[in-house]
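Participant: Need the 3D shape of this:
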Amino acid sequence: MTALEPVILVRELPPARSQMRQQFPSLRELVEATPAPEEPAILSYLAQGVVCGIYNDPALLVDVLQPGRWLDAACEHDPRLSGLALQPSLMLTDGAWVWPGVLPYYVAAYHLRLPRRFVQFAEGHQWKVDPSAIRPEDVNWDAYDAILDLAVTAGR
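Facilitator: As a prediction, this is how the structure comes out:
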């Protein structure tokens, strides 16, 4: 079984666990004023992720940085987000990393800065996810949900 590494560790995602994740940075700390040059490639890469699970948190349908703003409505009214395929309740993977299906929204809407290691990994794979190399039943995305345990361990 392959243990997947979460792309981001922030307190607001998933929203249902935000109270238990206060030791993590805020999503707001990753917001950039302008897109990174590789943002289109990052969005394409994230969209290619293979479904490896479901995270049933209805709050994933709402923008955690603008409470009350529904993601589907935001995508309808913002031309930058119009072509975005939203999969908020799905967990996606490239076989090494795991991310929530809502992550592309935050990258496109807020030019979220993702970890350099992840960006280098995706670039090193020519911005392509090979779905034939991923068996969802052979991956473990518990690290995304077991974040509290990781934070306690990392703080030692």
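Participant: Would you map the helices across this protein?
Facilitator: 39-47, 71-77, 103-110, 116-124, 142-145, 147-154 (DSSP state H).
Participant: Just say which of the ones you listed is most tucked in.
Facilitator: Comparing the helices of the chain by mean neighbour count (mean count of other Cβ atoms under 10 Å), helix 103-110 ranks first with a mean of 22. All C-beta atoms are positioned from the backbone trio N, CA, C, and that covers glycine.
Participant: gap between that helix and the chain center?
Facilitator: Remark: helix 103-110 is offset 9 Å from the chain centroid, using Cα atoms, centre = their mean, to the nearest Å.
Participant: Let's see it as CSV, backbone CA atoms only.
Facilitator: As requested, the backbone C-alpha atoms of helix 103-110 are provided in CSV (Å, rounded to 0.1, in the frame of the first residue of the first chain):
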residue,chain,number,x,y,z
LEU,A,103,-8.0,22.5,-4.7
PRO,A,104,-8.1,23.6,-8.3
TYR,A,105,-10.7,26.2,-7.3
TYR,A,106,-8.4,27.8,-4.8
VAL,A,107,-5.5,27.7,-7.1
ALA,A,108,-7.5,29.4,-9.9
ALA,A,109,-9.4,31.8,-7.7
TYR,A,110,-6.7,32.8,-5.3
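Participant: on that earlier part again, so can I have JSON lines of the helices of the chain showing distance to Q19?
Facilitator: As requested, those are exported to JSON lines (distance: least, Cβ to Cβ, whole Å):
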{"stretch": "helix 39-47", "distance to Q19": "27"}
{"stretch": "helix 71-77", "distance to Q19": "21"}
{"stretch": "helix 103-110", "distance to Q19": "20"}
{"stretch": "helix 116-124", "distance to Q19": "26"}
{"stretch": "helix 142-145", "distance to Q19": "14"}
{"stretch": "helix 147-154", "distance to Q19": "10"}
